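Colleague: give me a model of this one.
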Amino acid sequence: MVFKGKFKGILCLPVTPFVAGGEEIDEGAMRRIVDVIIEDGADALVPVGATGEFPYLLHEERKRVIDITVDQANGRVPVIAGTGAMSTKEARMFTQYAKDVGCEGVMLSHPLMVRANDHETYHHFEAIATRARAINPLFFF
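Modeller: Next up, the predicted model:
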């Protein structure tokens, strides 16, 4: 697959499956979910997206969900990691991680539970996009 910098079609946000008891990500189930979504015709995957379980995951768990998704998708469809977070610093970290492991883009939200004016909101997105563009100008389109 050659990604051309424009997302289109069905961008699917897979659920994050857990083993019984909810203490550990079920990697086998996650891989099956990715395969089913791709086989059903989705045009891209958005793990730990804005409607997912990401607020309840430890940083390493969240990264693991992204890793599994990128690995299982194996270039069949773009992976657009959800990198929204409680702070700009944390969102930058997840955005950088997504780039480093091969995601083609990110779904980024305003910091959770933060009341920000327009200027502060703009600065949040600008700070993340500026750092990401410095490494890969096509990452943010």
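Colleague: buried stuff in stretch 9-16?
Modeller: 11, 12, 13, 14, 16 (16 or more other CB atoms under 10 Å). (C-beta placed from N, C-alpha, C; glycine too.)
Colleague: ok, residue 44 - contacts?
Modeller: By CB atoms under 8 Å, 6 or more residues apart in numbering, the residues touching residue 44 are 7, 9, 10, 11, 12, 77, 78, 79, 80, 104.
Colleague: setting aside sequence neighbours, what's the nearest residue to residue 45?
Modeller: Ranked by CB to CB, 6 or more residues apart in numbering and with sequence neighbours excluded, the top spatial neighbour of residue 45 is residue 79, at 5.1 Å.
Colleague: do residue 121 as well
Modeller: Closest to residue 121 by CB to CB, 6+ apart is residue 110, at 5.9 Å.
Colleague: one more: residue 66?
Modeller: Of all residues not flanking residue 66 in the chain, residue 81 sits nearest, at 4.9 Å (CB to CB, 6+ apart).
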